[in-house]
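Chemist: sequence first, then the predicted structure, then my questions.
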Amino acid sequence: MKVLWNEHIVDRDQVKLDIEDRGYQYGDGIYEVIRVYHGQCYMLEEHMQRLTASAKKIKLALPYDVTLLKEQLKALIAVEKIDNGEVYLQITRGMYSPRNHQFPPVGTVTPVLTANAIPFERPTDMQERGLTATVIPDQRWLHCDIKSLSLLGNLLSLDEAIEKGFDDALLQRDGYFTEASASNVWFVIDGQLYTHPDGPLVLPGITKIKVRALCAELGISLHEEPVAISQLPQIQECFLTNSVWEIVPVVSIDGQMVGAGDRGPITTRLQQAYIDAI
């Protein structure tokens, strides 16, 4: 298996990471997951814009120019002969010794970039069948707009949902839905679509950007405002979006059917429009 390590594509076993890398010790870094269709990165510009924004928010200097990074990712996909798949890209602040919570002085540490590409096909069964979910308090930090390596809060919420017998967690903070464990969440109420606005409580999803545009094309009324937990009985459809799954319906929440308990008409329209856009 070939991987991207800093500026070079190498065999995976050639990659060496120091035990004092701040990504390993602190989760001090950022990442992106980019979908690949027919050998091409999908919405690559948007992913690079979010990567750059996340880096700025944590005062992390990218190891090299984004233009070169895009070319390296394309080369990696070609070398690995990925048709449909995904790329995982990660940048840590790098190695600094001795271990210290304080950010290292500028110029004293070199960021470490790694990326790998794997095959992955559209999860059509999940997209048709849908998922079950449970509502769990959102106990993550207040910088969810940064695509940080620090994902323990997300993992704990997903683990709790699975232990309770559900597929995923819908997170709520102060009585309002924010996100799912690794996805933006959307609701249809009275035939209109709702999702939490971008900001520190949610990740600005790349698929969310595309769904916004598709709503405008299809004439679907979209409101970017929080949905209250008290509105659960009014929810006619619910779906999740992320770059890997695309658009996946949630058919029950805490054991109660959402709408008719299957994929709803607005979800279905958006799924097909998303596939057509690809």
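Modeler: Thanks, I have it. Every value quoted in this text rests on a predicted model; they were computed, and no experiment measured them. Numbering: from 1, shown residues only.
Chemist: where in the protein is pLDDT low?
Modeler: Along the chain, no part satisfies pLDDT under 70.
Chemist: I'd like to know how far the most centrally placed residue in it sits from residue 168.
Modeler: Central residue of the chain (Cα atoms, centre = their mean): residue 242, 5.3 Å from the mean position. Going from residue 242 to residue 168 by Cβ to Cβ, to the nearest Å gives 11 Å. (Each C-beta comes from the backbone N, C-alpha and C, glycine too.)
Chemist: any common contacting residues for these two?
Modeler: Shared contacts of residue 242 and residue 168 (Cβ atoms under 8 Å, 6 or more residues apart in numbering): residue 183.
Chemist: and for residue 66, the neighbour number?
Modeler: For residue 66, the neighbour count with other Cβ atoms under 10 Å is 15.
Chemist: could you do the one 5 residues further on as well?
Modeler: Burial of residue 71, expressed as a neighbour count using other Cβ under 10 Å, amounts to 11.
Chemist: please, which helix or strand holds it?
Modeler: Element membership for residue 71, per DSSP states H and E: helix 66-79.
Chemist: domain map for this protein?
Modeler: 2-119, 124-277 (automatic domain parsing).
Chemist: tell me which of these is the most buried.
Modeler: Ranked by mean neighbour count under mean count of other Cβ atoms under 10 Å, the domains of the chain are led by domain 124-277, which reaches a mean of 18.
Chemist: can you give me the end-to-end distance of it?
Modeler: 16 Å (Cα to Cα, to the nearest Å).
Chemist: chain center to that domain, what's the gap?
Modeler: On the basis of Cα atoms, centre = their mean, to the nearest Å, domain 124-277 is displaced by 12 Å from the centre of the chain it belongs to.
Chemist: then stretch 31-44?
Modeler: 12 Å.
Chemist: end to end, how far does that stretch reach?
Modeler: Start-to-end, stretch 31-44 (Cα to Cα) is 13 Å.
Chemist: next one: stretch 11-26
Modeler: Distance between the boundary residues of stretch 11-26 (Cα to Cα) amounts to 26 Å.
Chemist: chain center to stretch 19-27, what's the gap?
Modeler: Distance, stretch centre to chain centre, for stretch 19-27: 22 Å (Cα atoms, centre = their mean).
Chemist: before we move on, what about stretch 6-24?
Modeler: With Cα atoms, centre = their mean, you get 23 Å for stretch 6-24.
Chemist: contact partners of that stretch?
Modeler: With contact meaning Cβ under 8 Å, 6+ apart, stretch 6-24 is reached by 1-3, 5, 25, 28-29, 63-64, 68, 72, 75-76, 79, 90, 92-99, 104, 109, 112-114, 116, 149.
Chemist: related to what we said a few turns ago, which other helices and strands contact the helix holding residue 71?
Modeler: Under the contact definition 3 or more Cβ pairs under 8 Å, 6 or more residues apart in numbering; DSSP states H and E, helix 66-79 sits against strand 2-5, strand 8-11, strand 40-41, helix 44-57, strand 85-92, strand 112-119.
Chemist: tell me what residue 35 is bridged to.
Modeler: residue 86 (DSSP bridges).
Chemist: going forward can the numbers begin at 25, since that is how I track them
Modeler: Shifting the count to begin at 25 puts that one at residue 59.
Chemist: ok, it touching residue 269?
Modeler: No - if you go by Cβ atoms under 8 Å, residue 59 and residue 269 don't touch, sitting 9.6 Å apart.
Chemist: give me phi/psi at the spatially most distant residue from the centre of the chain?
Modeler: For the chain, the largest distance from the centre (Cα atoms, centre = their mean) belongs to residue 122, which lies 32.6 Å off. Note on residue 122: its backbone torsions stand at phi -80, psi 160 [degrees, to the nearest 10].
Chemist: what separates residue 269 from residue 82, distance-wise?
Modeler: Taking Cβ to Cβ, one finds residue 269 at 26 Å from residue 82.
Chemist: likewise for residue 253?
Modeler: To residue 82, residue 253 is 31 Å away according to Cβ to Cβ.
Chemist: with residue 117 instead?
Modeler: Counting by Cβ to Cβ, the gap from residue 117 to residue 82 is 8 Å.
Chemist: anything in contact with each of these two?
Modeler: With Cβ under 8 Å, 6+ apart, residue 117 and residue 82 have common neighbours residue 52.
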